[in-house]
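Q: Okay, sequence plus prediction incoming.
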Amino acid sequence: MIYDKLKWLFSYLPILLFIVIVLHHYYLVRFENLSPWLGGGYGMFSTTDYGPSRYIKAYGLKDNIIKEEIKIPLKHSKVARKLRSLPSTSNLQDLALDIDDYLKSTQHSYPHIRIEVWSSHYDKKSLIPTFNLLNVINHKPI
Amino acid sequence: MIKDIQHYLQKDAFEISAQFTLMTLLFNQVGNNFSRPFILFFAALAILLVNGFKQRFIWITLFFFTSFRVVYEWPMADNHAYLLALWCLVLLVSCNNNLKEKIIANNARILIGLVFLLACIQKILSPDYLDGTFFQYLLLTDNRFEDFTVLFSDITYQQIDNARELLGLYQFSSFSSEKNIVPDSSSFRILVLSATWWNLIDQLAVACCFLAPNNSFLNRKRDVSLLVFCLTTYAVAPVPGFGWLLVSMALAQCRNNSNIRIAYICTFFIILFYSNVYIWGLLADFFT
C-alpha cells in the first residue's frame, strides 16, 4: 500500500519540483529583488524589471567621499549579470572582491569600494525612467 | 511515404513525445560549454539507436545535464531551461513504467497548465504590464521586435533609434528633460494595447483549458488554445526552444492518430520555419 503510494508520488515528482521552484522564485522576488523574469517563475515578458532596466554603479571611496567611478571590467561581466539579476548581499560581495582584485592588479586601491544596484521604473505615458536603489555594499578591501 | 507517415502517427504518445523532445534538444542546442556537448551527444544517440528513447540511462543523463545547466547558470537560466529539465525527469520516471501513457499525459497537461497560469499571474501582478508600459518599452527597445513594430504601426526605424538614444540619455547621464521617449502615434498605442491584452487572454485561455477537469468543455478545447498560442506567439517572439518544448509536451497528452497530433507536428516545423526565416524583416522590407 505504502509502496504504491510512493510509486504514485514518484510519478508526479516533476510537478512537486515545479511547485518548489516556483515558491523559491516568489521568495527571492519578494525578499531578494530577483528579477521576475528569472528563477523559474515564468514571469518573462511580464515586466520591464529585467536586465536592460537594471544597472550597477561601482565607486572607489576615500574618507567616505566618491573619488572615482570604476568601470566594471569585461571579464567580470558574468558576475555583474548575476548581480543585476539577483542583487543579494552575497552577489554584491562577490563582485566587490572581483573588482578589488582587478584594482590591485592595476596598482589602484581605495580604502572602500561601493557597489550599487539600481532598477528603472518607466512612466506609463512617456517612458521617462525614475531610478530605485535595490541594494548597496561598502566593501573594505583586506 | 504517406503510409509511413500514417504508421508514424499511430505510435504511442510516449514515443512521439520523446522523439520530439530529442529533436528539440538537437535543434535548440542548450547549455554551456560543459553541458552542451553531452546533451547533444545523448540526444543524438537516443535517436540513432533502435528504441534509444526507451533507455532509462539516456533520460538520466539528459535530466542530469539539463539540470546541471540550470544550477550552473543560476539564476540567469531562462524559464524554459527549468521546464526542459523537469520534462526530461517526466520522461525518466515514465519510461519502462506500465502506466507510462497516463503518467506522461497527466504530467504534460498539469505542467503546461501551471506554466501558463503562472505567466498570467505574473502579468496581472506586475506593476507595469496591464497599463501597457511593458509592451511600449519592449517594442521600442528590443531590436528583435523592431521590424514587427514598424510593420504594424506607423513608427519608423528612425523614431525607434531616437527613442533608444533618448532613453540612454535618461539612464546613463545626468540628462534632465520632460521630452517623451514614446513617439506620438495612435497606431503604436493600438499595437501596444493589442499585444498586452492578446498575450494575457491567450495565455489565460491555455491555462484554464489545460487545468479544467477532464472531459469538460474547456478541457476538450485545450489543444486548440495551445496551437493558437504557439502559431501566433512564436511568429513574433524569438524563443523557438520554448515553442518546441511545449509542442513536445503537448504531443504526450493528445490521442493517437488524431488530427490534433498532426496539427502539433506541423506546428513544430512551422516554429522551425519562423526561427530560420525572419518573416517580419522580409515583410517590413517589402512594405516600408
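A: It's in. Numbering: from 1, shown residues only, chains lettered A, B, ... in the order given.

Q: which parts of stretch B:40-60 are buried?
A: For stretch B:40-60, a neighbour-count test (16 or more other Cβ atoms under 10 Å in any protein chain shown) marks B:40, B:42, B:43, B:46, B:47, B:52, B:53, B:54, B:55, B:58, B:59 as buried. (Glycine included, C-beta is placed from N, CA and C.)

Q: Next: stretch A:124-132.
A: For stretch A:124-132, by 16+ other Cβ under 10 Å, it's A:127, A:128, A:129.

Q: is chain B contacted by it?
A: Yes. Stretch A:124-132 is in contact with chain B by Cβ under 8 Å from any Cβ of the partner chain, via A:124, A:125, A:126, A:127, A:128, A:129.

Q: end-to-end on that stretch?
A: With Cα to Cα, to the nearest Å applied, stretch A:124-132 spans 16 Å between its terminal residues.

Q: residues in contact with that stretch?
A: With Cβ atoms under 8 Å, 6 or more residues apart in numbering or on different chains as the test, stretch A:124-132 has contacts from A:53, A:118-123, B:128, B:131-133, B:136-137, B:140, B:163, B:167, B:170-171, B:178-182.

Q: Report the rounded mean pLDDT for it.
A: What stretch A:124-132 shows for mean pLDDT is 93.

Q: can you check stretch A:35-51 too?
A: Stretch A:35-51 comes out at a mean pLDDT of 96.

Q: roughly how far is it from the heart of the chain?
A: Remark: stretch A:35-51 is offset 13 Å from the chain centroid, using Cα atoms, centre = their mean, to the nearest Å.

Q: residues making contact with that stretch?
A: The contact list for stretch A:35-51, computed with Cβ under 8 Å, 6+ apart, reads A:21-22, A:24-26, A:28-29, A:54, A:81, A:84-86, A:119-122, B:70, B:75-79, B:82, B:115, B:118-119, B:122-123, B:126-129, B:133-134, B:137-138, B:199, B:237.

Q: Just the buried residues of the residues you listed.
A: Buried members of these, scored by 16+ other Cβ under 10 Å, are A:21-22, A:25-26, A:28-29, A:54, A:84-86, A:119-122, B:70, B:75-79, B:82, B:115, B:118-119, B:122-123, B:126, B:128-129, B:133-134, B:137-138, B:199, B:237.

Q: In helices, which of those appear?
A: Among the buried ones among the contacts of stretch A:35-51, the ones falling in helices (DSSP state H) are A:21-22, A:25-26, A:28-29, A:84-85, B:70, B:79, B:82, B:115, B:118-119, B:122-123, B:133-134, B:137-138, B:199.

Q: Okay, buried residues for the helix or strand residue B:265 falls within please.
A: Here residue B:265, judged by DSSP states H and E, is contained in helix B:259-276. Across helix B:259-276, burial judged by 16+ other Cβ under 10 Å covers B:260, B:261, B:263, B:264, B:265, B:267, B:268, B:270, B:271, B:272, B:274, B:275.

Q: after it comes which helix or strand?
A: Of the helices and strands lying after helix B:259-276 in sequence (DSSP H and E), the nearest is helix B:279-287.

Q: relative to helix B:259-276, how tilted is that following helix?
A: Per axes from the mean of the first three to the mean of the last three Cα atoms, to 10 degrees, the angle that helix B:279-287 makes with helix B:259-276 is 60 degrees.

Q: Kindly reformat the residues of stretch A:124-132 next to chain B as CSV containing secondary structure.
A: Supplementary listing: the residues of stretch A:124-132 next to chain B in CSV, determined by DSSP: H, G, I helix; E, B strand; the rest coil:
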residue, secondary structure
A:124, coil
A:125, coil
A:126, coil
A:127, coil
A:128, coil
A:129, strand
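
Q: Between which two of these is the distance greatest?
A: Spatially, the most separated pair among the residues of stretch A:124-132 next to chain B is A:125 and A:129, at 12.9 Å (Cβ to Cβ).

Q: ok, and what's touching the one helix or strand in chain A whose mean pLDDT sits lowest?
A: Sorting the helices and strands of chain A by mean pLDDT, DSSP states H and E puts helix A:2-11 at the bottom, at a mean of 85. Applying Cβ under 8 Å, 6+ apart, the external contacts of helix A:2-11 come out as A:16, B:93, B:94, B:97, B:99, B:103, B:107.
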